[in-house]
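**Student:** Attaching a predicted model along with its sequence, questions to come.
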Amino acid sequence: MNINTTKIISLLFFIFSAFYLYTAYQIQVFAFDENAPFNARTFPIYLGYAGLFFSGLKLILPDPNTIKVEHKNLEYKKTGILIIIAIIYGATILKVGYFLTTSLFLFASYYFLGERRWILMFLLSFPFVAAFMYLLHGILDIYLRDPFLQSIGVMG
Amino acid sequence: MIEGILIGLTTALTLQNILMVMVGCFFGTIIGMLPGLGPMTAIALMIPITYGFDPATGLILMAGVYYGAVFGGSTSSILLNAPGVPGTVATSFDGYPMAQQGKAGKALAIAAWSSFAGGTLSAIYLLFMAPSLSKVSLSFRSPDYFALMILGLTAIAAFSSKGQFLKAMMMVVLGLMLASVGQDSLSDITRFTFNNMNLTDGISFVLVVMATFAMSEALTIILKRNDPTSAAKQVSLTELGSIKINKEERTKMYKTIPRSSVIGFLIGVLPGAGATIASFLAYGMERNVVSDEEKEKFGKGSVNGLSAPETANNAACSGSFVPMLTLGIPGSGTTAVMLGALLGFGVQPGPRLYMTNPEIFWSIIMSMYIGMVILLILNLPLIPYIARILAVPKNYLIPLILFFSVTGIYVMSFNNFDIYLMIGIAVVATFLRLYDFPMPPLILAFVLGGLMEENLRRSLLLSNGSWEFLWDRTLTACILATTILIVVWHIYKTFKKKN
């Protein structure tokens, strides 16, 4: 059997399905439901077996369309930075507020992706977010929580 | 039906809804032109905006985005040989050679008129077929629905990724597993939450769509160092030429459009098939029915060769609404996203939709047609200008996509956990995409997961735990036999390829 990344992913999926199946069997159902034809664990159990079946087949069957990925050509650094910025954005958005965190997220993302046109970067972050907020909050009446703007009295 | 059409027209022709169709078509065209960013991403990005509207308006906006994205995909196929969406690959076979001959404007006009005619005819088919099918589908029982969902999921796995059936089936199972997280709908017993309160209500559909499409596509573009906007920069530099179609070309189109629209619509109705298969089949069929002299021109800028796939892919888009509106079962990834959005609005599509919410049912059908007209009037003369807007560098485009994704989740839940979960799913999806694991089957399975469990529950309870319900009714047995055929055929093909 030829080992490639697709096979490794299939193996991981097989292990995941086995874990899912184990967890499905652990679902606590009501006593009167225990022997019912269908209870809360029935469907997940079938899904667990289906996952084992398809990933098992993928593991043992030949792979005629092997995908080769040139890892040296992939931009891991920028992608990683972008993910980290997004996580920081997610962590601060509730406490700091939508306007400031979103504007800073956009500004930082432009910067780390290599942009250096400062005026354009500014226009497409702070005023852009303000306009978008106005569209959502002001026109479409979609509530946007923003403690920062509330503290300075801009938002009610 | 006349009453329904009038209800639909009244809803669709309000100033707000016309504006929504225009915005949707415009936005969809822009996204559709960017290779790699298809209609599903465009619709997913629109979901947060639709929260502020009533269901009909929200859906009208999304339908406009859908058609705009398909039209945008055709434009980049013709001008750059870089199809924005898979459904427009066949368009490039004759559209691009025509553009190279200095007839880009003409090719765009043929594509636009063919799309318009295909969309118009299929809207008429839909108009007549959907209510009848709704009535027929009232006789469907739980076992039929369960079997139909299995068929839909198998079919989308079979068609979504060539030669990757098992990968697609793994994605189907993963989608169903994700859908099973949270409270069981009947007993309220929590499953797979690992004592995390944030998972009690399950994983949000919008979160999964944003993560697997918008966010993961943005990450993939960065990871692979692609620049979808580089193609768009060339468009504005292209000399388009005249957009007039002469009499001879019109005559050819008159013959091609009706037959391609029928093929497109019927393929679109089938679960899992859709615009890509419809356009290839229509292209192939057209090549077989034209004269030998015309056959020689295929691949070198044939009018029939361009008109056929364009008609079929738009007709298939309308066709794919049939199973969604009448059975509540989406036939494609894109309609799955729309179904999810409808469920979010509290509207359950299905045979009763057109009785309980006729204004939604009919306004979607009517807005499709209005969308076609707007695409024709606005987009054709505006393509060079739209292309200029597209010259936004990816350094701006990617953060904006991420921003829309996070905003979508933020306005929905105001919960940090959901944002982390979205980023986590997006990272896994990006990695899976690298190895050609298709995402549309995952979305369709996620949307259908709850319905599928519900129908299986009813079927098993009614048959007292026996699986005989799968072959008790002829309809169920036929649907299931088709599913088994698809599975066996694809596994056999894998063996055959190796040998």
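**Tutor:** Okay, I see it.

**Student:** At the contact with chain A, which residues of the stretch 301-450 of chain B appear?
**Tutor:** With CB under 8 Å from any CB of the partner chain as the criterion, the stretch 301-450 of chain B meets chain A at residues B:393-396, B:398-400, B:402-403, B:406-407, B:410-411, B:414-416, B:419-420, B:423, B:427, B:430, B:432, B:434-437. Heads up, the C-betas are built off the backbone N, CA and C, glycines and all.

**Student:** For chain A, just list every one of the helices.
**Tutor:** Ranges of helices within chain A are A:5-26, A:42-60, A:76-96, A:98-112, A:118-123, A:126-133, A:147-151, based on DSSP state H.

**Student:** Lowest average confidence across the ones you listed, which one?
**Tutor:** Among those, helix A:147-151 carries the lowest mean pLDDT, at a mean of 83.

**Student:** gap between stretch A:84-101 and the chain center?
**Tutor:** 15 Å (CA atoms, centre = their mean, to the nearest Å).

**Student:** So which bits of it are buried?
**Tutor:** Residues of stretch A:84-101 classed as buried by neighbour count (16 or more other CB atoms under 10 Å in any protein chain shown): A:85, A:86, A:89, A:90, A:93, A:94, A:96, A:97, A:98, A:99, A:100, A:101.

**Student:** And stretch B:280-294, by the same measure?
**Tutor:** Neighbour-count burial for stretch B:280-294 [16+ other CB under 10 Å]: B:280, B:281, B:282, B:283, B:285, B:286, B:287, B:290, B:294.

**Student:** Next, format the residues you listed as JSON lines and append secondary structure, pLDDT and distance to residue B:153.
**Tutor:** Listed next are these as JSON lines, based on DSSP: H, G, I helix; E, B strand; the rest coil; pLDDT from 0 to 100; distance: CB to CB, whole Å:
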{"residue": "B:280", "secondary structure": "helix", "pLDDT": "83", "distance to residue B:153": "22"}
{"residue": "B:281", "secondary structure": "helix", "pLDDT": "83", "distance to residue B:153": "22"}
{"residue": "B:282", "secondary structure": "helix", "pLDDT": "88", "distance to residue B:153": "25"}
{"residue": "B:283", "secondary structure": "helix", "pLDDT": "88", "distance to residue B:153": "27"}
{"residue": "B:285", "secondary structure": "helix", "pLDDT": "86", "distance to residue B:153": "28"}
{"residue": "B:286", "secondary structure": "helix", "pLDDT": "88", "distance to residue B:153": "31"}
{"residue": "B:287", "secondary structure": "helix", "pLDDT": "84", "distance to residue B:153": "32"}
{"residue": "B:290", "secondary structure": "coil", "pLDDT": "85", "distance to residue B:153": "37"}
{"residue": "B:294", "secondary structure": "helix", "pLDDT": "85", "distance to residue B:153": "40"}
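
**Student:** Please give me every residue in contact with residue 55.
**Tutor:** All of this is about chain A. Contacts for residue A:55 (CB atoms under 8 Å, 6 or more residues apart in numbering or on different chains) come out as A:10, A:11, A:13, A:14, A:17, B:170.

**Student:** Switch to chain B, please.
**Tutor:** Residue B:55 makes contact with B:342, B:345, B:346, B:347, B:357, B:360 under the criterion CB under 8 Å, 6+ apart.

**Student:** where does residue B:357 fall, phi/psi-wise?
**Tutor:** phi -130, psi 60 (degrees, to the nearest 10).

**Student:** right, and it touches residue B:345 too?
**Tutor:** No. With contacts counted by CB atoms under 8 Å, residue B:357 stays clear of residue B:345, the gap being 9.8 Å.

**Student:** Wondering if stretch B:176-196 reaches chain A at all.
**Tutor:** Yes. Using CB under 8 Å from any CB, stretch B:176-196 reaches chain A at B:176, B:177, B:180, B:184, B:186, B:187, B:189, B:191, B:192.

**Student:** Residue B:358: what's it in contact with?
**Tutor:** Here residue B:358 is in contact with B:4, B:7 (CB under 8 Å, 6+ apart).

**Student:** and of the helices of chain A, who's closest to residue B:3?
**Tutor:** Closest approach to residue B:3 among these (CB to CB): helix A:126-133, 40.1 Å.

**Student:** Identify the farthest-apart pair in the contacts of residue A:55.
**Tutor:** Most distant of the contacts of residue A:55, by CB to CB, are A:11 and B:170, 11.6 Å apart.

**Student:** between these two, who's got more neighbours?
**Tutor:** residue B:170 (30 against 15; other CB atoms under 10 Å in any protein chain shown).

**Student:** According to the record, where do the domains of chain A fall?
**Tutor:** A:5-60, A:73-151 (automatic domain parsing).

**Student:** End to end on the last one, go ahead and measure it.
**Tutor:** Think domain A:73-151. End-to-end distance for domain A:73-151, by CA to CA, to the nearest Å: 47 Å.

**Student:** Can you confirm whether that domain lies near chain B?
**Tutor:** Yes. Domain A:73-151 comes into contact with chain B (CB under 8 Å from any CB), by way of A:73-76, A:78-79, A:82-83, A:86-87, A:89-91, A:93-94, A:98, A:102, A:105-106, A:109-110, A:113-115, A:120, A:124, A:132, A:136, A:139-145.

**Student:** ChimeraX command to pick out the buried ones of those residues?
**Tutor:** Only the buried members of the residues of domain A:73-151 next to chain B end up in this ChimeraX selection, burial being decided by 16+ other CB under 10 Å:
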select /A:74,75,78,79,82,83,86,89,90,93,94,98,102,105,106,109,110,113,115,124,132,136,142,144
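
**Student:** what number of residues lie near residue B:195?
**Tutor:** Close neighbours of residue B:195, defined as other CB under 10 Å, add up to 7.

**Student:** ok, now residue B:413?
**Tutor:** Residues near residue B:413, counting by other CB under 10 Å: 16.

**Student:** and the gap between it and residue B:202?
**Tutor:** Applying CB to CB, to the nearest Å, the value for residue B:413 to residue B:202 is 12 Å.

**Student:** now do residue B:412
**Tutor:** For residue B:412 relative to residue B:202 (CB to CB), the value is 13 Å.

**Student:** list residues touching both of these two?
**Tutor:** Counting by CB under 8 Å, 6+ apart, nothing touches both residue B:412 and residue B:202.

**Student:** Get me the contact residues on the stretch 101-250 of chain B for chain A.
**Tutor:** So the stretch 101-250 of chain B meets chain A at B:163-164, B:166-167, B:169-170, B:173-174, B:176-177, B:180, B:184, B:186-187, B:189, B:191-192, B:219, B:222-225 (CB under 8 Å from any CB).

**Student:** Excluding chain neighbours, what is closest to residue 33?
**Tutor:** With no chain named, the answer covers chain A. Leaving out its chain neighbours, the residue that sits closest to residue A:33 by CB to CB, 6 or more residues apart in numbering or on different chains is residue A:39, at 4.3 Å.

**Student:** Please refer instead to chain B.
**Tutor:** residue B:72 (4.0 Å).

**Student:** Do I have it right that that neighbour meets residue B:25?
**Tutor:** No. With contact defined as CB under 8 Å, residue B:72 does not count as touching residue B:25 (9.3 Å).

**Student:** Show me which of the two is the more surrounded one.
**Tutor:** residue B:72 (34 against 31).

**Student:** quick check, that one in a strand?
**Tutor:** No. Counting by DSSP: H, G, I helix; E, B strand; the rest coil, residue B:72 is not part of a strand but helix.

**Student:** which is the next helix or strand following the lengthiest helix in chain B?
**Tutor:** Counting by DSSP H, the longest helix found in chain B is helix B:104-137. With elements assigned by DSSP states H and E, the helix or strand that comes after helix B:104-137 is helix B:142-160.
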